[in-house]
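Student: The sequence and its predicted three-dimensional model are supplied below.
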2 protein chains.
Amino acid sequence: MVKSSAPSRERIVAGAADMISRRGLSATSIREMAKHAKAPLGSTYHYFPEGKQQLATEAVRFTGEWVARSLRKELEAGPAAGLRAFLALWRKIVVESDFHAGCPVLAVAIEEPPADEIPPALAAAAEVFEQWEDLLAASLRARGAGAEQAAQLATLIVAAVEGTVAMCRAKRSTEPLDRTAEQLQALIAAAIRD
Amino acid sequence: MVKSSAPSRERIVAGAADMISRRGLSATSIREMAKHAKAPLGSTYHYFPEGKQQLATEAVRFTGEWVARSLRKELEAGPAAGLRAFLALWRKIVVESDFHAGCPVLAVAIEEPPADEIPPALAAAAEVFEQWEDLLAASLRARGAGAEQAAQLATLIVAAVEGTVAMCRAKRSTEPLDRTAEQLQALIAAAIRD
DNA sequence: GGTAGACTATGACGGTTGTTATAGCCAGAG
DNA sequence: CTCTGGCTATAACAACCGTCATAGTCTACC
């Protein structure tokens, strides 16, 4: 009966997310993901019968939910605190990886889909962005920001942080993150002051 | 004597930039780049003896200079006009490619470098971001913005636009670009009003 | 004890990757 | 005409890719 396959499956997903955040999706092979998670190659196709696409999709959703959890918790103290947590989270990833890792959701988002259909991993990336935006926007509205303004600012925050993380990796410096943080913080302060 | 190799070499670089902006660096093979530019595979190694890295580096610099040219020109009319042009430029790429293309500089920036050295293409990406930021910051300062504020805002603009373009691709919608545009425009207006 | 089913081990498949080598073409210079 | 040098054509190289199939192991329940 479903003893539920130990943490093996989850280890693969988490490892895949980390790997994709460094190398991008297409540069990450299933063999490497398996090895990185100390799982046999056969297991990946056992747990993810649809292959690489499914694994990528779950990796995206995994980080999406992981970030959303942190966001939800910190946003209880208001949008400014949420922003701080959001920024700190990505700064940690960038710094601790010595500027090698970034956001796996972004990495998947910029992979070219086949001309005719939308791969599930790309759709998942879109949903994750949307979720993060919604969390931020709701928190802004709860502090008195108008609906339009809240939506725009939430999109700006997610986009800016994603872009900034990439810039930090290229420059091998956290300075872009410092600058973006300053601007975004001021923006939130102004938006909820009404 | 240096008849200068026709536009063949440049066609390869431009094609490589387009291709990288869609698929990312590692998913773009030299063979495909050659075919896309209607050049023989042998020619790519003739023009770019250092191989893929060199081609990627030149592709990054190529788009960097191309965008910078547009930016420089439109910034003569002030930061607001420059921002409008910057946004319009990326919107065009995203829309005309049916959400398949993005920014090749970002694509190169998020490729993991080997642990010990910095690949030239990544360094080029950092320089390109820096150049765009400098252009915007100088224009902001020329309109009365403080040095610190100008630098922060310039970084935010570049990062936000890069991130927004990726979000548009994932969502297959230009709405994120509309929202970011609105926010960024308001920000510039406030910054140069002093 | 036996049996079902979850997991692993192994190996193969056709194809593509970056790169190099070699030989050939073909315009322009002497 | 010869000859040089920029460019191309073709083939090969070892390594890797995603995926699949098969046989084996191990554990949990009857």
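Tutor: Great, that's in hand. Predicted model, so just to flag it, every value in this text is computed and none were measured.

Student: Next one: the residue nearest to A:L55 when sequence neighbours are not counted relative to A:S26, how far apart?
Tutor: Among residues not flanking A:L55 along the chain, A:F48 sits closest, at 4.7 Å (Cβ to Cβ, 6 or more residues apart in numbering or on different chains). To be clear about C-beta, it is placed using only N, CA and C from the backbone, and glycine gets the same treatment. When distance is defined by Cβ to Cβ, to the nearest Å, A:F48 is 17 Å away from A:S26.

Student: does the residue nearest to A:L55 really touch A:Q54, like I thought?
Tutor: Yes - look at A:F48 against A:Q54 with Cβ atoms under 8 Å: they come within range, at 4.4 Å.

Student: Where do the helices of chain A begin and end?
Tutor: For chain A, applying DSSP state H gives helices covering A:8-23, A:30-36, A:41-47, A:52-75, A:79-96, A:104-109, A:120-142, A:147-171, A:175-192.

Student: So which other helices or strands are in contact with the longest one?
Tutor: With contacts taken as 3 or more Cβ pairs under 8 Å, 6 or more residues apart in numbering or on different chains; DSSP states H and E, helix A:147-171 sits against helix A:79-96, helix A:104-109, helix A:120-142, helix A:175-192, helix B:104-109, helix B:120-142, helix B:147-171, helix B:175-192.

Student: Now distance to B:F62, mean neighbour count and mean pLDDT too, for the ones you listed, in a markdown table please.
Tutor: Formatted as a markdown table, the helices and strands packed on helix A:147-171 follow (distance: least, Cβ to Cβ, whole Å; neighbours: other Cβ atoms under 10 Å in any protein chain shown; pLDDT from 0 to 100):
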| stretch | distance to B:F62 | mean neighbour count | mean pLDDT |
| --- | --- | --- | --- |
| helix A:79-96 | 27 | 18 | 98 |
| helix A:104-109 | 23 | 29 | 98 |
| helix A:120-142 | 27 | 21 | 98 |
| helix A:175-192 | 23 | 19 | 97 |
| helix B:104-109 | 9 | 29 | 98 |
| helix B:120-142 | 10 | 21 | 98 |
| helix B:147-171 | 17 | 25 | 98 |
| helix B:175-192 | 23 | 19 | 97 |
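
Student: Show me the one of these that comes nearest A:A68.
Tutor: Nearest of those to A:A68, taken as Cβ to Cβ: helix A:120-142 at 5.6 Å.

Student: Quick one: closest of the helices of chain A to B:R172.
Tutor: Closest approach to B:R172 among the helices of chain A is made by helix A:120-142 (7.5 Å; Cβ to Cβ).

Student: What is that closest one packed up against?
Tutor: Secondary-structure packing of helix A:120-142 (3+ Cβ pairs under 8 Å, 6+ apart): helix A:52-75, helix A:79-96, helix A:104-109, helix A:147-171, helix A:175-192, helix B:147-171.

Student: Looking only at neighbour counts, state which of A:F48 and A:Q54 leads.
Tutor: A:F48 (21 against 16; other Cβ atoms under 10 Å in any protein chain shown).

Student: Contacts only, for that one.
Tutor: A:12, A:54-55, A:58 (Cβ atoms under 8 Å, 6 or more residues apart in numbering or on different chains).

Student: Between all of those, which two are at the greatest distance?
Tutor: Using Cβ to Cβ, these span at most 11.1 Å, a distance reached by A:I12 and A:Q54.

Student: how far away is the residue nearest to A:L55 from DNA strand C?
Tutor: 11 Å (Cβ to the nearest atom of the strand, to the nearest Å).

Student: For that residue, give its distance to A:A16.
Tutor: The gap separating A:F48 from A:A16 is 9 Å, by Cβ to Cβ.

Student: Find residues that contact each of those two.
Tutor: Contact criterion Cβ under 8 Å, 6+ apart; residues shared by A:F48 and A:A16: A:55, A:58.

Student: So for B:A101, which of the helices and strands packed on helix A:120-142 sits nearest?
Tutor: Comparing these by Cβ to Cβ, helix B:147-171 comes nearest, at 8.1 Å.

Student: now the angle between helix B:8-23 and the closest one, please.
Tutor: 70 degrees (axes from the mean of the first three to the mean of the last three Cα atoms, to 10 degrees).

Student: Relative to B:A150, how far out is the closest residue to A:A151 other than its chain neighbours?
Tutor: Spatially, and ignoring its direct neighbours in sequence, A:A151 is nearest to A:A137 (5.1 Å; Cβ to Cβ, 6+ apart). Plainly put, A:A137 is 28 Å away from B:A150 if you go by Cβ to Cβ.

Student: Might one say that A:M19 is in contact with A:S26?
Tutor: No - A:M19 lies out of contact with A:S26 (Cβ under 8 Å); the separation is 11.8 Å.

Student: higher neighbour count, the two?
Tutor: A:M19 (24 against 19).
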